[in-house]
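A.B. asks: Structure of the sequence below:
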Amino acid sequence: MIKNKRTQGKIKTHYGLSDYYKYFRTEYPEIKMNKTLYSNIISDFNKAIIDLIIEENLEYDLTHLGSTLSIKKDKRVPSIKNGKLYNTAPVDWVATNKLWSEDDEAKEKKLLVRHNNYHTMKYVFRIYFKKYKYPFINKKLYSFKANRAFSRLLGARIKDETKERYDTYLLY
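C.D. replies: Numbers count the residues shown, from 1 in each chain. Sure thing, here's the model as predicted:
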(Lines give C-alpha, C1' and ligand atoms only; values in the text may rest on other atoms or scores of the structure.)
Protein backbone atom coordinates (compact mmCIF):
# COMPACT_ATOMS: atom_id res chain seq x y z
CA MET A 1 0.00 0.00 0.00
CA ILE A 2 1.44 3.37 -1.06
CA LYS A 3 0.84 6.15 1.43
CA ASN A 4 0.28 9.70 0.34
CA LYS A 5 3.38 11.68 1.30
CA ARG A 6 1.38 14.82 2.13
CA THR A 7 -0.81 13.06 4.71
CA GLN A 8 2.02 11.19 6.35
CA GLY A 9 2.11 12.06 10.05
CA LYS A 10 -1.28 13.76 9.88
CA ILE A 11 -3.12 13.84 13.18
CA LYS A 12 -6.47 12.09 13.04
CA THR A 13 -9.19 14.06 14.81
CA HIS A 14 -11.88 12.50 16.94
CA TYR A 15 -14.38 15.26 16.21
CA GLY A 16 -15.16 17.01 12.97
CA LEU A 17 -17.60 19.44 11.44
CA SER A 18 -20.41 16.88 11.27
CA ASP A 19 -20.04 16.22 15.01
CA TYR A 20 -20.19 19.94 15.75
CA TYR A 21 -23.30 20.22 13.57
CA LYS A 22 -24.99 17.41 15.51
CA TYR A 23 -24.12 19.16 18.77
CA PHE A 24 -25.52 22.45 17.41
CA ARG A 25 -28.76 20.73 16.41
CA THR A 26 -29.23 19.19 19.87
CA GLU A 27 -28.35 22.37 21.81
CA TYR A 28 -30.33 24.79 19.63
CA PRO A 29 -33.32 22.88 18.19
CA GLU A 30 -35.28 26.10 17.66
CA ILE A 31 -32.80 27.29 15.02
CA LYS A 32 -33.54 25.60 11.71
CA MET A 33 -30.35 25.33 9.67
CA ASN A 34 -29.18 22.72 7.20
CA LYS A 35 -25.68 21.27 7.23
CA THR A 36 -24.56 23.17 4.10
CA LEU A 37 -25.48 26.56 5.56
CA TYR A 38 -23.81 25.65 8.87
CA SER A 39 -20.65 24.62 7.01
CA ASN A 40 -20.63 27.86 4.97
CA ILE A 41 -20.99 29.99 8.12
CA ILE A 42 -18.10 28.19 9.86
CA SER A 43 -15.95 28.47 6.72
CA ASP A 44 -16.63 32.21 6.31
CA PHE A 45 -15.87 32.81 9.99
CA ASN A 46 -12.54 30.96 9.76
CA LYS A 47 -11.59 32.85 6.57
CA ALA A 48 -12.37 36.17 8.27
CA ILE A 49 -10.14 35.28 11.23
CA ILE A 50 -7.30 34.23 8.92
CA ASP A 51 -7.68 37.51 7.03
CA LEU A 52 -7.52 39.52 10.28
CA ILE A 53 -4.47 37.62 11.51
CA ILE A 54 -2.60 38.16 8.24
CA GLU A 55 -3.76 41.63 7.15
CA GLU A 56 -4.31 43.37 10.51
CA ASN A 57 -1.66 41.50 12.53
CA LEU A 58 -4.30 40.32 15.00
CA GLU A 59 -3.47 38.03 17.90
CA TYR A 60 -6.44 35.68 18.01
CA ASP A 61 -7.10 34.50 21.57
CA LEU A 62 -8.31 30.91 21.91
CA THR A 63 -9.49 31.19 25.51
CA HIS A 64 -10.83 27.64 25.76
CA LEU A 65 -7.34 26.33 24.94
CA GLY A 66 -5.45 28.99 26.90
CA SER A 67 -3.49 30.03 23.83
CA THR A 68 -3.16 32.61 21.08
CA LEU A 69 -2.66 32.40 17.35
CA SER A 70 -0.51 35.06 15.70
CA ILE A 71 2.35 35.73 13.30
CA LYS A 72 5.89 35.51 14.66
CA LYS A 73 9.13 36.63 13.07
CA ASP A 74 12.68 35.63 13.83
CA LYS A 75 15.96 36.46 12.20
CA ARG A 76 17.78 33.60 10.51
CA VAL A 77 21.44 34.34 9.98
CA PRO A 78 24.20 31.77 9.52
CA SER A 79 26.51 31.28 12.49
CA ILE A 80 29.65 29.33 13.28
CA LYS A 81 29.72 27.28 16.47
CA ASN A 82 32.67 25.09 17.38
CA GLY A 83 34.07 25.49 13.88
CA LYS A 84 30.87 24.23 12.22
CA LEU A 85 28.55 26.33 10.05
CA TYR A 86 24.88 26.44 11.13
CA ASN A 87 22.40 27.87 8.67
CA THR A 88 18.75 27.73 9.76
CA ALA A 89 17.33 29.72 6.84
CA PRO A 90 14.51 27.93 4.99
CA VAL A 91 15.49 25.65 2.12
CA ASP A 92 14.68 26.83 -1.41
CA TRP A 93 13.48 23.50 -2.78
CA VAL A 94 12.99 24.73 -6.34
CA ALA A 95 16.63 25.82 -6.61
CA THR A 96 17.85 22.76 -4.68
CA ASN A 97 16.04 20.31 -6.97
CA LYS A 98 17.35 22.18 -10.02
CA LEU A 99 20.92 21.93 -8.65
CA TRP A 100 20.49 18.24 -7.90
CA SER A 101 19.19 17.51 -11.41
CA GLU A 102 22.20 19.25 -12.97
CA ASP A 103 24.93 18.11 -10.56
CA ASP A 104 25.09 14.50 -9.34
CA GLU A 105 27.86 15.28 -6.85
CA ALA A 106 25.70 17.94 -5.14
CA LYS A 107 22.84 15.45 -4.91
CA GLU A 108 25.13 12.81 -3.46
CA LYS A 109 26.42 15.27 -0.82
CA LYS A 110 22.82 16.52 -0.27
CA LEU A 111 23.79 20.16 -0.67
CA LEU A 112 20.89 22.51 0.04
CA VAL A 113 20.21 25.94 -1.45
CA ARG A 114 18.71 28.29 1.12
CA HIS A 115 16.60 31.43 0.84
CA ASN A 116 18.41 34.71 1.55
CA ASN A 117 15.25 36.60 2.60
CA TYR A 118 16.74 39.97 1.68
CA HIS A 119 13.23 41.29 0.98
CA THR A 120 12.36 40.81 4.70
CA MET A 121 15.79 41.80 6.07
CA LYS A 122 16.58 38.12 6.81
CA TYR A 123 13.44 37.65 8.93
CA VAL A 124 11.36 34.51 8.60
CA PHE A 125 7.65 34.79 9.37
CA ARG A 126 5.51 31.92 10.60
CA ILE A 127 2.15 31.21 12.13
CA TYR A 128 2.70 30.87 15.87
CA PHE A 129 0.55 29.00 18.40
CA LYS A 130 1.47 30.27 21.87
CA LYS A 131 0.33 28.20 24.86
CA TYR A 132 0.23 30.35 27.95
CA LYS A 133 -2.70 30.18 30.34
CA TYR A 134 -3.88 26.98 31.87
CA PRO A 135 -1.62 24.61 33.78
CA PHE A 136 -3.27 21.40 32.57
CA ILE A 137 -1.57 18.04 32.23
CA ASN A 138 0.27 17.24 28.98
CA LYS A 139 -0.04 20.79 27.63
CA LYS A 140 3.24 20.33 25.78
CA LEU A 141 1.64 17.63 23.63
CA TYR A 142 -0.82 20.09 22.08
CA SER A 143 0.28 21.58 18.81
CA PHE A 144 -1.10 23.57 15.91
CA LYS A 145 -0.29 23.17 12.26
CA ALA A 146 -1.77 25.74 9.93
CA ASN A 147 -3.35 24.38 6.79
CA ARG A 148 -1.69 24.93 3.42
CA ALA A 149 -4.00 27.77 2.37
CA PHE A 150 -3.25 29.75 5.57
CA SER A 151 0.51 29.36 5.08
CA ARG A 152 0.34 30.29 1.40
CA LEU A 153 -1.74 33.41 2.18
CA LEU A 154 0.93 34.54 4.64
CA GLY A 155 3.65 34.00 2.02
CA ALA A 156 1.66 35.90 -0.61
CA ARG A 157 1.09 38.80 1.81
CA ILE A 158 4.80 39.04 2.63
CA LYS A 159 5.74 39.17 -1.06
CA ASP A 160 2.98 41.65 -2.01
CA GLU A 161 4.74 44.85 -3.14
CA THR A 162 1.51 46.87 -3.48
CA LYS A 163 0.91 46.84 0.28
CA GLU A 164 2.97 48.25 3.12
CA ARG A 165 5.95 46.11 4.14
CA TYR A 166 4.77 43.28 6.37
CA ASP A 167 5.85 43.55 9.97
CA THR A 168 4.87 41.82 13.15
CA TYR A 169 5.53 42.71 16.72
CA LEU A 170 6.11 39.18 17.96
CA LEU A 171 9.87 38.99 17.92
CA TYR A 172 11.19 36.33 20.30
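
A.B. asks: C-alpha only now, for contacts and for neighbours.
C.D. replies: Fine.

A.B. asks: Quick check: Leu107 touching Trp100?
C.D. replies: Actually, residue 107 is Lys. It isn't Leu. Yes. The pair Lys107 / Trp100 is scored as a contact, 4.7 Å apart, by CA atoms under 8 Å.

A.B. asks: Tyr60 against Thr68, yeah?
C.D. replies: Yes. The criterion here is CA under 8 Å, and Tyr60 meets it with Thr68 at 5.4 Å.

A.B. asks: List the buried residues of stretch 109-118.
C.D. replies: By 16 or more other CA atoms under 10 Å, the buried positions in stretch 109-118 come out as 112-113, 115-116.

A.B. asks: Can you get me the centre-to-centre distance for it and its chain?
C.D. replies: Computed by CA atoms, centre = their mean, to the nearest Å, the chain-centroid distance of stretch 109-118 equals 21 Å.

A.B. asks: Straight-line length of stretch 104-124, end to end?
C.D. replies: Criterion CA to CA, to the nearest Å; first-to-last residue distance in stretch 104-124 is 30 Å.

A.B. asks: Sketch out the helices for the chain, chain order is fine.
C.D. replies: 17-27, 35-55, 93-102, 104-109, 148-159 (DSSP state H).
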